[in-house]
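**Q** Build me a structure from this.
(one chain, ligands or ions: 1)
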Amino acid sequence: MNRRELLTAGLAATAAAANPVKIDCQSHLFSAEFLALLEKRQTAPYVYRKGPDRFVVVGQWHRKLMPSHTDVQAKLAVMNKANITMTALSINDPGPELFGKDSPAMARLLNDFIADTVRQHPTRFFGLATLPFDSAKSMLDEFDRAINRLGMKGILLYSNLNGRFSDEDEFRPLFAEAERRGIPLFLHPAYPLTYEATKGREMTGGLGLMFDTTIALGRIIMAGILEQHPKLKLVCPHVGGALPYLIGRVDHQAMVLKRGAENIKRPPSEYLQNVWFDTVSPRAQAIRYGYEFVGPDRLIFSSDHPWVEPELIAGEIAKLKLPPADEAKIYAGNARKLFNL
Ligand SMILES: [Zn+2]
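**A** From the prediction side, this is the model:
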């Protein structure tokens, strides 16, 4: 290698270190067909137009959609820029569980959409499925179809299912099935039960969604689901919501004051340490706490694109100056293992 080659190789290595290879585990694409269906509806969930903009309404929450929310090429361009080689693609919300008797058909439509997109870009995307919850049978039927027929790699489980939390008895077969098959459940926020409390100052996205996942995850732990299913691969995005920050108090309430501890054998924090966290919290300190809490093997890079730019999250991770081996796990290695890529 001559001097010029050495210099070029050195520059390439520096560039790779500055922009490491990534797998993005939380990234959403809205289905144009699904949005067109929602535009024909009068009651939530529905879609309406106002001037050039489209709004999706879930419950009473109106969110403006951007053209990029249905644009695969725009997503690929963002991935290329951020050196994201693969992305776990999912719909955002509303999910199929909000459509009553039509929920199995909606789940099939949405999962077919994700699977079709993956099929068109098989080296760039893998899919996370959503499920109907009108009955245990239709939930498990679609689980099977999504994994075995469509090749999906995980299930997007909403923080609440049309107002009910997933630790209730009728949803329990999902956890058993996910553990048996080794398929990760990704606990994603949905229209929150705290909507009324958070709408006034437009804090539904900032706090409402985060507390919904916090409560959902706390309930899953306290219901003993992680005690009963120790091999369950459960992912809580947004660095665990607020739960890691509050877990000392949750431990004290359960173990010292003996409140609600009848289904668990260990402190709640020990179960929480067996959950995977994603990195969608644009503040380095929060990501560092998540990293220290679950360790370098259970933190996975995610962006929540198109709501959040991947480079924003990567910039916060870079501030941590983690050991390169840990950074490589967080950016890609952990996701490869978790989703069996
Ligand atoms: Zn998201």
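
**Q** quick one: contacts for T204?
**A** By CB atoms under 8 Å, 6 or more residues apart in numbering, the residues touching T204 are 61, 192, 195, 198. C-beta here means a position set from N, CA and C on the backbone, and glycine is covered the same way.

**Q** farthest-separated two in those?
**A** The largest separation in the contacts of T204, counting by CB to CB, is between W61 and T198 at 9.6 Å.

**Q** between the contacts of T204, which is nearest V250?
**A** Closest approach to V250 among the contacts of T204 (CB to CB): P192, at 19.3 Å.

**Q** Strands of the chain, start to end?
**A** Assigned strands in the chain, in chain order: 22-28, 46-50, 53-58, 61-65, 84-90, 125-129, 154-158, 185-188, 234-236, 276-278, 299-300 (criterion: DSSP state E).

**Q** Going by contacts, tell me the helices and strands next to the fourth one.
**A** Packing partners of strand 61-65 (3 or more CB pairs under 8 Å, 6 or more residues apart in numbering; DSSP states H and E): strand 53-58.

**Q** what lines up beside the strand it packs on in the sheet?
**A** Sheet pairing of strand 53-58 (DSSP bridges) gives strand 46-50 (antiparallel), strand 61-65 (antiparallel).

**Q** can you redo those as a markdown table with mean pLDDT, distance to A88 and mean neighbour count?
**A** Shown next, in a markdown table, are these (pLDDT from 0 to 100; distance: least, CB to CB, whole Å; neighbours: other CB atoms under 10 Å):
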| stretch | mean pLDDT | distance to A88 | mean neighbour count |
| --- | --- | --- | --- |
| strand 46-50 | 97 | 25 | 14 |
| strand 61-65 | 96 | 21 | 15 |
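
**Q** Among the ones you listed, which comes closest to R172?
**A** Proximity to R172 (CB to CB) singles out strand 61-65 among the strands paired with strand 53-58, at 28.5 Å.

**Q** separation between the closest residue to A82 other than its chain neighbours and L29?
**A** Setting aside the residues directly before and after it, A82 is nearest to P310 in space (CB to CB, 6 or more residues apart in numbering), at 4.1 Å. Between P310 and L29 the computed distance is 14 Å (CB to CB, to the nearest Å).
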